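**Student:** Next one to model:
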Amino acid sequence: MHKATAIGAAALALLAIPAGAAAKPSDSDRSNAAKECRAERGSTDATREAFKVKYGTNKTKSNAFGKCVSRRAVDEEQEAVTAHKNASKECKAEAETLGDVAFAAKYGTGKKGRNAHGKCVSSKAKQHEAEADAEDQAQIVARKSAAKTCAEERDTLGDEAFDAKYGTNASKSNAFGKCVSKQAKAEQDDEPQA
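**Tutor:** Numbering: from 1, shown residues only. As a prediction, this is how the structure comes out:
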């Protein structure tokens with residue numbers, strides 16, 4: 001009897017885990033994440049410095065690329081999960097609005113359009129993922145631009161004045177990262193919303 005209780009408790013525990021929480025990023029998610037990280041890292045000294053400051057966790061910040069890929073792969077996987085959930089809800093609402101016959105005619109390709117919901121979800125999920133990727137790219141562009149702006153300002157002000165202006169920790173060693181974050185946020189806030 002105790003064995004059955006333990007199995008039941010384990011099954012309930014698995015059901016309590018939110019969908020997607022146990023999922024790991026796919027190879028495709030990691031590949032897309034690596035592309036985004038290469039784009040964000042850029043090729044200038046300023047963008048590479050900003051990249052290391054943002055992602056590096058060891059003393060020399062040499063682990064920045066791996067940390068970026070790990071973080072962005074999880075984001076890519078979550079974007080896919082969210083896109084699929086939202087697409088499914090949208091398709092259900094559209095099916096209710098159009099009616100089964102019209103919905104099947106619009107999306108279905110199989111026998112009597114029975115695959116309409118799946119085709120609808122697939123097309124809408126791809127659209128949502130493309131929108132999320134475009135937003136990621138906009139953030140990358142803003143961050144790279146901010147890094148260049150901050151590097152120019154540091155050159156103009158000098159290291160000491162720049163550190164005093166932006167640094168928030170005792171040694172002011174976080175000044176460049178704080179400047180880049182502030183500038184990138186300001187650039188994104190200035191972007192027209194779609």
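**Student:** Name the single longest helix found in the chain.
**Tutor:** What stands out as the longest helix in the chain, according to DSSP state H, is helix 116-157.
**Student:** Can you tell me the closest non-neighbouring residue to Val74?
**Tutor:** In this structure, Val74 finds its nearest non-sequential neighbour in Pro25, 5.8 Å apart by C-beta to C-beta, 6 or more residues apart in numbering. C-beta here means a position set from N, CA and C on the backbone, and glycine is covered the same way.
**Student:** where in the chain is pLDDT low?
**Tutor:** 1-23, 191-194 (pLDDT under 70).
**Student:** Nearest the middle, which residue of it would you pick?
**Tutor:** Asp75 (3.9 Å; C-alpha atoms, centre = their mean).
**Student:** give me every residue that touches that residue.
**Tutor:** 33, 136 (C-beta atoms under 8 Å, 6 or more residues apart in numbering).
**Student:** From Thr82, how far off is it?
**Tutor:** Applying C-beta to C-beta, to the nearest Å, the value for Asp75 to Thr82 is 10 Å.
**Student:** residues in contact with stretch 147-154?
**Tutor:** 42, 44-47, 49-51, 162, 166, 175-176, 179-180, 183.
**Student:** Can you mark which positions in that stretch are buried?
**Tutor:** 147-151, 153-154 (16 or more other C-beta atoms under 10 Å).
**Student:** Make a markdown table from those and add distance to Thr60 to it.
**Tutor:** Formatted as a markdown table, these follow (distance: C-beta to C-beta, whole Å):
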| residue | distance to Thr60 |
| --- | --- |
| Ala147 | 19 |
| Lys148 | 23 |
| Thr149 | 25 |
| Cys150 | 21 |
| Ala151 | 20 |
| Glu153 | 25 |
| Arg154 | 20 |
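**Student:** just curious, which of those is nearest to Asn63?
**Tutor:** Minimum distance to Asn63 across these is 19.1 Å, recorded for Ala147 (C-beta to C-beta).
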